[in-house]
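# Requesting a structural model of the entry that follows:
(one chain, ligands or ions: 2)
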Amino acid sequence: MNDMLKNILLWLVIAAVLLTVFNNFNTTSETNRISYSEFVKEVQDGRIAKVIVDGYTISGTRSNGDSFDTVRPAASDPKLMDDLLNKNVVVEGRMPEQQSIWTQLLVASFPILLILAIFMFFMRQMQGGGGGKGGPMSFGKSKARLLPEDQIKTTFADVAGCDEAKEDTEELVDFLREPSKFQRLGGKIPRGILMCGPPGTGKTLLAKAIAGEAKVPFFTISGSDFVEMFVGVGASRVRDMFEQAKKHAPCIIFIDEIDAVGRNRGSGMGGGNDEREQTLNQLLVEMDGFEGNEGIIVIAATNRPDVLDPALLRPGRFDRQVTVGLPDIRGREQILKVHLRKVPCDDDVEPKNIARGTPGFSGADLANLVNEAALFAARSNRRLVNMEQLELAKDKILMGAERKTMVMNNEEKLNTAYHEAGHTIIGYLMPEHDPVYKVSIIPRGRALGVTMYLPEDDKYSVSKRGLESQVCSLYGGRIAEEMIHGFDGVSTGASNDIERATSIARNMVTKWGLSEKLGPFAYEEDDNSGGYISGPTGSKANYFSPETGKVIDAEVQDIINRCYETATRILHENRSKLDVMAEALMQYETIDAKQIKEIMDGKKPSAPEGWSDPSADSPDSGEEKPAPEAATEETVDASDVDGVSGEASRPAGE
Ligand SMILES: Nc1ncnc2c1ncn2[C@@H]1O[C@H](COP(=O)(O)OP(=O)(O)OP(=O)(O)O)[C@@H](O)[C@H]1O
Ligand SMILES: [Zn+2]
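Ligands and ions are numbered 1, 2, ... in the order given. Next up is the predicted model:
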């Protein structure tokens, strides 16, 4: 609202300036000016000898030789010409045409109209840009995009790995195909479905598939399209959308990111947000207003069902929830099959194996994996996608694109090699730690090196022991650096590790009830801002007194100190393996689980698969494999894949 006030003020100033200019324009020379009535009187008295008419100004000379000028008022004077002729005044130039009262009014109000028009224009501009999507410039028109039924090619066959969600929604298809039949049978159909689940799990895809199966039109809009700067715009968009939908019924309305409008009205946001609230109210009114039998089904998607206003979830609104979760190993295999159907594949491609190695991947990640593999194949001029490219694509998604153009000097490389080897050895030896999948000192994304852990199965929770193991392995990198350079030689590269270790330790104490001293209480709450709406992010609710705060700090420090000590002890005990691993990393740059196991068993590590020695003849003579990554430099930045699974990356100095 502040912005609006500023705008109005700005326009008032502009209006004032314009008016002044306009006035000045009317009163150019002040020298011999007389008023118009004076002029008329002088004409009648016969004192004027000559007039020159130039548009709205009249100048001339009197009988006595004096010059004069005057401004003709907007209303033209029909009698003037007669007077001039009667008195034998010489007239040069022409009088302006006689104008109707309406034209005169228009001329008089022109500046005001101009200002108004400019003002409206800017208002619309701002609205168009408000949603960030540059939609049509219109007031309150719905931004919903309509996909007519004959353009929806998505069917249930395209959605894999979420069978429960599919089952839950199958009856909607029957209903949409023949709403009247359902009505006759007295079937009760929900008006609103809420699809909950993490990003990229196929919520949009499933909603579209329902429309595709039922062969009905599909309206899609994002919750953030409703959130506008001007009060009332969002609400009228909602109204407009429902009006359109009624014309196309039976149909589906899909609202993505419903949390952008549907956030709990009572929560946060510094005293509420009128516009959002009005929009939400309008949505509730519309949901109540249509009968389920009209054949409109509203499907909303969110990954934060917990922040939604309870009013949205009441019976008759979004009273049915469908959960679309991350796929399990079987689901991943099916999703991979769906997407592999679209690319030409070699016989060796085993979707099952890839599914096993990708816990935590969403449907969108898997679709991306297949796509990346196809790109790798195309770059190396292959006609078929094979396992090798799928593995490369998986690494790219897990660890970020390699930055082959980034040059590290030998000393930096050695430091990184020790750092990553430190992470790896601790991760390998600690109990209940995810196995190490790959270690690399090729810079990827923002990281100088990466140690990648990957759970063997889908994991849904971690034990206290597992968490402590994670904290230990996170410090492994820094401790290894300390061992070779001494405390003064430790680099800044471990800042991300430290941050993550601290955060795990703190959560153990304040959220997961894993401190004996403090017991199973929640002392801190997540911030609820989720990220869709800009708000006071990072604000956490604390439920503890200053005294407890001190105990919390002490407990967190205690966990970290213990883990640091454990990790230091383990690394010192395995000093020779640390050296061998760092050396292997210097030679091969990337080693995987097989080499790591060999080193940890005290053997000499073999060359990684696909590695060809640039200096000597290759260790495994026989078949000649092309170097992995026929693709040249790949400098995609910020592809920091975080949290897909335990990853200890080392950001370039901070
Ligand atoms: N279960 C699935 N089966 C097949 N493909 C999937 C599946 N889930 C996701 N995908 C692929 O990922 C893409 C993105 O998925 P979609 O947009 O439906 O996810 P979403 O859950 O709506 O994500 P968001 O919450 O980010 O909007 C789809 O177009 C599809 O290619
Ligand atoms: Zn690290």
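
# all strands for the stretch 301-450 of the chain, in order.
Using DSSP state E, counting those that start in this stretch, the strands found in the stretch 301-450 of the chain span residues 320-323, 436-440, 447-453.

# quick one: the last one to strand 436-440, angle?
Translated: strand 447-453. For strand 447-453 against strand 436-440, the angle by axes from the mean of the first three to the mean of the last three Cα atoms, to 10 degrees is 160 degrees.

# for the very next helix or strand once past strand 447-453, packing partners?
Per DSSP states H and E, strand 447-453 leads on to helix 464-485 as the next helix or strand towards the C-terminus. Judged by 3 or more Cβ pairs under 8 Å, 6 or more residues apart in numbering; DSSP states H and E, helix 464-485 is in contact with helix 410-429, helix 495-510, helix 546-573, helix 575-588, strand 647-651. C-betas here are computed from N, CA, C, even on glycine.

# Is there contact, residue-wise, from helix 464-485 to ligand 2?
Yes - Helix 464-485 lies within reach of ligand 2 by Cβ under 5 Å from the ion, at Gly477.

# So what's the model's average confidence on that helix?
Helix 464-485 shows a mean pLDDT of 93 in the predicted model.

# Could you do stretch 432-439 as well?
Here stretch 432-439 scores 87 as its mean pLDDT.

# ok, and what's touching that stretch?
Contacts to stretch 432-439, defined as Cβ atoms under 8 Å, 6 or more residues apart in numbering, come from residues 357, 395, 398-399, 420-421, 423-424, 426-428, 449-456, 459, 462-463, 465-466, 469-470, 473, 581, 585, 590-593, 596, 645-646.

# filter these to the buried ones?
Neighbour counting with 16 or more other Cβ atoms under 10 Å marks 357, 395, 398-399, 420-421, 423-424, 426-428, 449-454, 462, 466, 469-470, 473, 581, 585, 590-592, 596, 645-646 as buried within the contacts of stretch 432-439.

# on that earlier part again, okay if I get the strands of the stretch 301-450 of the chain as JSON lines plus distance to Gly200?
Listed next are these as JSON lines, based on distance: least, Cβ to Cβ, whole Å:
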{"stretch": "strand 320-323", "distance to Gly200": "15"}
{"stretch": "strand 436-440", "distance to Gly200": "21"}
{"stretch": "strand 447-453", "distance to Gly200": "20"}
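
# OK, contacts around the nearest residue to Gln282 once chain neighbours are set aside?
Nearest residue to Gln282 in three dimensions, chain neighbours excluded: Ala235, at 3.8 Å (Cβ to Cβ, 6 or more residues apart in numbering). When contacts are counted by Cβ under 8 Å, 6+ apart, Ala235 touches Gln278, Thr279, Asn281, Gln282.

# ok, now how distant is the closest residue to ligand 2 within the stretch 251-400 of the chain from Glu481?
At 12.9 Å from ligand 2, Met399 is the closest residue in the stretch 251-400 of the chain, using Cβ to the ion. Using Cβ to Cβ, to the nearest Å, one gets 21 Å for the distance from Met399 to Glu481.

# do Ser224 as well
Counting by Cβ to Cβ, the gap from Ser224 to Glu481 is 44 Å.

# Neighbour count: the two, which is higher?
The residue with more neighbours, out of Ser224 and Glu481, is Glu481; 22 against 19, by other Cβ atoms under 10 Å.

# Give me the distance between Pro443 and Ile354.
25 Å.

# what's the neighbour count on Ala245?
Quick note: Ala245 (other Cβ under 10 Å) scores 25 neighbours.

# right, is the strand or helix carrying Met195 up against ligand 1?
Assigned by DSSP H and E, Met195 falls within strand 192-196. No - Strand 192-196 stays clear of ligand 1 (Cβ under 6 Å from any ligand atom), getting no nearer than 7.7 Å.

# what bits of the stretch 201-350 of the chain have low per-residue confidence?
For the stretch 201-350 of the chain, applying pLDDT under 70 flags the ranges 228-231, 266-273, 290-293.

# Flag the shaky bits of the stretch 451-600 of the chain, pLDDT-wise.
In the stretch 451-600 of the chain, residues with pLDDT under 70: 525-542.

# and the helix or strand Met120 falls within, what other elements does it pack with?
Per DSSP H and E, Met120 falls inside helix 101-130. Other helices and strands packing on helix 101-130, by 3+ Cβ pairs under 8 Å, 6+ apart, are helix 2-26.

# need the contact list for the residue in the chain that ligand 1 sits nearest to.
Closest to ligand 1 within the chain is Gly363: 2.0 Å, counting by Cβ to the nearest ligand atom. Contacts for Gly363 (Cβ under 8 Å, 6+ apart) come out as Ala160, Gly161, Gly200, Thr201, Gly202, Leu205, Pro327, Ile335.

# who wins for most neighbours among those residues?
Ile335 (30 neighbours).

# pretty sure it is in contact with Asp365, am I right?
No - taking Cβ atoms under 8 Å as the definition, Ile335 is not a contact partner of Asp365, at 9.4 Å.

# and the residue of this protein nearest ligand 2?
Closest point on the chain to ligand 2, by Cβ to the ion, is Gly477, at 3.4 Å.

# residues contacting the closest residue to Gln470 other than its chain neighbours?
Closest residue to Gln470 apart from its sequence neighbours, by Cβ to Cβ, 6+ apart: Ile504 at 5.9 Å. By Cβ under 8 Å, 6+ apart, Ile504 lies in contact with Leu467, Gln470, Val471, Leu474.

# can you tell me how far Ile504 sits from Leu467?
The value you get for Ile504 to Leu467, if Cβ to Cβ is used, is 6 Å.

# Met586 now?
32 Å.

# who has more neighbours, the two?
A count of neighbours by other Cβ under 10 Å puts Leu467 above the other of Met586 and Leu467, at 20 against 16.

# quick one, domains of this protein?
Domain assignment for the chain by automatic domain parsing gives 2-101, 145-323, 329-399, 410-525+553-651.

# Next, format the ones you listed as a markdown table and append distance to Phe119.
Shown next, in a markdown table, are the domains of the chain (distance: least, Cβ to Cβ, whole Å):
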| stretch | distance to Phe119 |
| --- | --- |
| domain 2-101 | 5 |
| domain 145-323 | 13 |
| domain 329-399 | 43 |
| domain 410-525+553-651 | 40 |
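
# closest one to Ile115 among these?
domain 2-101 (5.0 Å; Cβ to Cβ).

# outside of the helix or strand Thr204 falls within, which residues touch it?
Using DSSP H and E, Thr204 sits within helix 203-214. By Cβ under 8 Å, 6+ apart, the residues outside helix 203-214 that reach it are 147, 149, 152-156, 158-159, 162, 165-166, 169, 172-173, 176-177, 195, 197, 217-218, 220, 250-252, 254, 256, 297, 299, 301, 322, 324, 363.
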